[in-house]
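Colleague: please find the sequence and the predicted model below.
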4 protein chains.
Amino acid sequence: MSRTAGSSGKKTQAAIREAGLDLIYAQGFDAMSLRQLAARVGLQPGSLYNHIATKQDLLYDLIHNHMVTLLERIDAELEGIEPPLDRLKAFIAFHLTYHIERKREVFIGSAELRSLEPRNRKKIVALRRAYEDRLSGILETGAARKLFKIDDVAVSAYAILAMLTGICTWYDPKGRIGRKELIDIHTRLILQGVLK
Amino acid sequence: MSRTAGSSGKKTQAAIREAGLDLIYAQGFDAMSLRQLAARVGLQPGSLYNHIATKQDLLYDLIHNHMVTLLERIDAELEGIEPPLDRLKAFIAFHLTYHIERKREVFIGSAELRSLEPRNRKKIVALRRAYEDRLSGILETGAARKLFKIDDVAVSAYAILAMLTGICTWYDPKGRIGRKELIDIHTRLILQGVLK
Amino acid sequence: MSRTAGSSGKKTQAAIREAGLDLIYAQGFDAMSLRQLAARVGLQPGSLYNHIATKQDLLYDLIHNHMVTLLERIDAELEGIEPPLDRLKAFIAFHLTYHIERKREVFIGSAELRSLEPRNRKKIVALRRAYEDRLSGILETGAARKLFKIDDVAVSAYAILAMLTGICTWYDPKGRIGRKELIDIHTRLILQGVLK
Amino acid sequence: MSRTAGSSGKKTQAAIREAGLDLIYAQGFDAMSLRQLAARVGLQPGSLYNHIATKQDLLYDLIHNHMVTLLERIDAELEGIEPPLDRLKAFIAFHLTYHIERKREVFIGSAELRSLEPRNRKKIVALRRAYEDRLSGILETGAARKLFKIDDVAVSAYAILAMLTGICTWYDPKGRIGRKELIDIHTRLILQGVLK
DNA sequence: CATGAATGAGCCTTCATTCAT
DNA sequence: CATGAATGAAGGCTCATTCAT
């Protein structure tokens, strides 16, 4: 009811974002009320406004943060790798790993795109496109060097991304399938398809 | 202001469902208000209740309808086809075709699962599983006959479905890519992967 | 708590406007809450919105109504009177009478001008100007015919209006001074000043 | 962001009062938030409380200050003038001058009377009455000496004050009418009325 | 069947004020 | 003195739903 002794501003900020991710992931942005969020963090609803500008702003922050991190990390991951095949494998491994670790962010980042105000949505979509371009780039280079056989780069990139991103909706880190195995299965599928 | 002359009950029903699909697809279930829906159909909000039981009920109806149709049609499509490869191709073609034609239903059917009350969600999830099983079944049979090389049937089925379903979010029937081409690209990708 | 049997929409509308006048007059527009207003009318706060569009809209309606009536009535009053002196007397008598009868409207109409949104304020200010012009016109004609001695028509019109409007803040119909007497005092003051 | 280098306590005090006058004049007391006020002065909202007791207190201070000054100045102005006519002229000239110079204070002093708590309001109303009495006194003496012809002293005093105070709402020091001219016009109007 | 008006709950947000640092 | 973060109350408004007419 009263604030925890050590809860400085930074900590509260973090707690709000964390609780926000949880609630939006579980119920959706519209369905989450700031009252719920506040209760989760141990604040009065109005006190949230010492840390966020608006509910919309919180959503944007969460998604934007995620997208920026995603881009930084994929670039770090691909750095120094040259052969398209290796790059593709690295992309798949990274994408799956990140999507397992940040299930909520990823899910929110795509499911709640429509909850963003147009101005905000535009910015996020641009970042998404940038990320997609990392994959398109790999496919293109690979195709140009006759390593890959790609009918349509854009469509294939979308298709692969959709496949890899899909795990957010069902993957359970504590389940039957380990991370390594998951990566192997998807890598095989993407590289060689289902045919023998 | 008043209802269109000829709009009998059945027509109003249909108009409500149609407008519901539009609005939920565009804004999400929570963000759609029954006032909006009523306005779209040319009714007062209260009058909707002559045609629907509750807002939740409308959502369930929409999704349930879609799932039942989906199952009926896939079964009709696969009927008489025996070889796993042919069945897989038929599945891919059907799934894409249906997802192009019923973009809104499909999208709502997965994005708004979380807006369903537990009881309703359970029923829909069961139908989804049944649909997924059509694909798992094909993969399994194909693997058993050494036609396919599948590391993990369940994971592969999810992955393929995610890939195929992804088109809902970007495919434009009037765009650069035709339906036929779309099917070819995806079929190739699933069967053979990207490697040459 | 529940709605009165006969309270049709029109009656509720009227009750809201009446209560609105009371509360805004007594406390000011900002200080009046819609919860208060609703309680006064015997409604839940949200139910007000079946009758008003927004709080701002209610204010505008109230003031606009008043201004339109004011203009209609002064024109009716002056109609058929030609001599400037008679017109001036008629103006004074009417203005005082109206301001006694509609104390609240008049007070709100000037005190809450600043609470109107710019767009609304502009419209009201135009109506006010039109009313002021009735007086300026009289003064001008009187001066042209050498009946009045006016240094500056605009300033004099403002001054006279301010004097006449001032009674809203203190006049009590049940007090020591009767309406007739009030009119006489002001007429004398305006026509001849304080000097003997 | 941080306070201006040299802003000592006294300076801050003054800045708060100045900003308060501005904001209350422009938006009304209720509509002005202490956050706005703080921003205007370059402080955080909480810091205001090192300089004011409460928001209500600030309003009272502003008005009280104004009333006290008004009384001191009118008394200084009238001191040594004996003939009622001269005293009346002096009153008119002073009142207009002061109301031009302190538009905001004067306006707030009457428009925000209703925002004062009863206890505070009472005190201010007493001061107002004292000021009004200066005028009533002049009128009374003048009437007793058969210099003025006054039907009702109280009503006439209110009427004259209303007229003179009205300029706050429209007078623009940079406009067409100079201060001297304004005084002449009003003096003439009050002394002789509009008739030739 | 449709309407208009009502309910009651809830929503995002703002605000004056307090107080440990 | 100033700050940052909190409180608790309240505010305007929207909504799904109900029901007499």
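Modeller: Alright, I've got the coordinates. Numbers count the residues shown, from 1 in each chain, chains lettered A, B, ... in the order given.
Colleague: going forward, measure contacts and count neighbours with C-alpha atoms only.
Modeller: Fine.
Colleague: quick check: closest non-adjacent residue to the most centrally placed residue in chain A.
Modeller: The centre of chain A sits closest to A:V106, judged by C-alpha atoms, centre = their mean, with a distance of 2.7 Å. Distances taken as C-alpha to C-alpha, 6 or more residues apart in numbering or on different chains place A:H99 nearest to A:V106, at 6.4 Å, with adjacent residues excluded.
Colleague: from A:S115, how far out is that neighbour?
Modeller: From A:H99 across to A:S115, the span is 21 Å (C-alpha to C-alpha, to the nearest Å).
Colleague: ok, and does the host helix or strand of A:K11 reach over to DNA strand E?
Modeller: Remark: A:K11 resides in helix A:9-27, with elements defined by DSSP states H and E. No: counting by C-alpha under 7 Å from any atom of the strand, DNA strand E has no neighbours in helix A:9-27; the shortest distance is 10.6 Å.
Colleague: for that helix, the distance to its chain's centre please.
Modeller: Mean C-alpha position of helix A:9-27 versus that of the full chain (C-alpha atoms, centre = their mean, to the nearest Å) differs by 16 Å.
Colleague: and for the next helix or strand after that helix, what's in contact with it?
Modeller: Beyond helix A:9-27 on the C-terminal side, the first helix or strand identified by DSSP H and E is helix A:34-41. Defining contact as C-alpha atoms under 8 Å, 6 or more residues apart in numbering or on different chains, one finds that helix A:34-41 is touched by A:T12, A:A15, A:I16, A:A19, A:G20, A:L23, A:Q44, A:P45, A:S47, A:L48, A:K55.
Colleague: recalculate using a threshold of 7 Å.
Modeller: Helix A:34-41 has contacts (C-alpha atoms under 7 Å, 6 or more residues apart in numbering or on different chains) with A:A15, A:I16, A:A19, A:G20, A:Q44, A:P45, A:L48.
Colleague: the very next helix or strand once past it - what's its average pLDDT?
Modeller: Note on helix A:34-41: by DSSP H and E, the next helix or strand toward the C-terminus is helix A:55-78. On average, the pLDDT along helix A:55-78 is 98.
Colleague: before we move on, what about stretch A:173-180?
Modeller: The pLDDT scores in stretch A:173-180 average 94.
Colleague: domains of chain A?
Modeller: Residue ranges for the domains of chain A, per automatic domain parsing: A:1-52, A:55-192.
Colleague: any idea which of those domains has the lowest pLDDT on average?
Modeller: domain A:1-52 - the lowest mean pLDDT of the domains of chain A, at a mean of 88.
Colleague: longest single helix anywhere in chain A?
Modeller: For chain A, the helix with the greatest residue count under DSSP state H is helix A:118-144.
Colleague: tell me the buried residues in that one?
Modeller: For helix A:118-144, the neighbour count (16 or more other C-alpha atoms under 10 Å in any protein chain shown) marks A:120-121, A:124-125, A:127-128, A:131-132, A:134-140, A:142-143 as buried.
Colleague: then stretch A:74-85?
Modeller: A:I74, A:L78, A:P84, A:L85.
Colleague: would JSON lines of those with distance to DNA strand F be doable?
Modeller: Below are the buried residues of stretch A:74-85 laid out as JSON lines (distance: C-alpha to the nearest atom of the strand, whole Å):
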{"residue": "A:I74", "distance to DNA strand F": "32"}
{"residue": "A:L78", "distance to DNA strand F": "37"}
{"residue": "A:P84", "distance to DNA strand F": "47"}
{"residue": "A:L85", "distance to DNA strand F": "48"}
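Colleague: can I get the residues you listed in CSV with distance to B:V194?
Modeller: Below are the buried residues of stretch A:74-85 laid out as CSV (distance: C-alpha to C-alpha, whole Å):
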residue, distance to B:V194
A:I74, 21
A:L78, 19
A:P84, 12
A:L85, 10
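Colleague: can you name the residues of chain A that neighbour chain B?
Modeller: For chain A, the residues found near chain B under the criterion C-alpha under 7 Å from any C-alpha of the partner chain are A:27, A:30-31, A:114, A:147-151, A:159-160, A:162-163, A:166, A:185, A:189-196.
Colleague: go with 6 Å
Modeller: A:148-149, A:159, A:162-163, A:166, A:190-196 (C-alpha under 6 Å from any C-alpha of the partner chain).
Colleague: report the buried members of those residues.
Modeller: A:F148, A:K149, A:A159, A:A162, A:M163, A:G166, A:I190, A:L191, A:Q192, A:G193, A:V194, A:L195.
Colleague: and the nearest residue to the fifth one once chain neighbours are set aside, what are its phi and psi?
Modeller: Spelled out, it's A:M163. Using C-alpha to C-alpha, 6+ apart and skipping the chain neighbours, the partner closest in space to A:M163 is B:M163 (4.2 Å). Dihedral angles of B:M163 (phi, psi; degrees, to the nearest 10) stand at phi -60, psi -50.
Colleague: ok, and what's touching stretch A:76-87?
Modeller: Stretch A:76-87 has contacts (C-alpha atoms under 6 Å, 6 or more residues apart in numbering or on different chains) with A:I138, A:G142.
Colleague: can you dump the C-alpha atoms of that stretch in CSV for me?
Modeller: Taking Å, rounded to 0.1, in the frame of the first residue of the first chain, the C-alpha atoms of stretch A:76-87 are listed here in CSV:
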residue,chain,number,x,y,z
ALA,A,76,26.0,-7.7,-33.7
GLU,A,77,25.2,-11.3,-34.4
LEU,A,78,25.8,-11.1,-38.1
GLU,A,79,28.9,-9.0,-37.9
GLY,A,80,31.9,-10.8,-39.2
ILE,A,81,29.9,-13.5,-40.9
GLU,A,82,30.2,-13.4,-44.6
PRO,A,83,28.9,-16.5,-46.4
PRO,A,84,25.2,-16.2,-47.0
LEU,A,85,24.5,-19.7,-45.8
ASP,A,86,26.2,-19.0,-42.5
ARG,A,87,24.5,-15.7,-42.2
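Colleague: centre of the chain to it, how far?
Modeller: 20 Å.
Colleague: and what of stretch A:29-43?
Modeller: 22 Å.
Colleague: tell me how far the ends of stretch A:29-46 are from each other?
Modeller: 18 Å.
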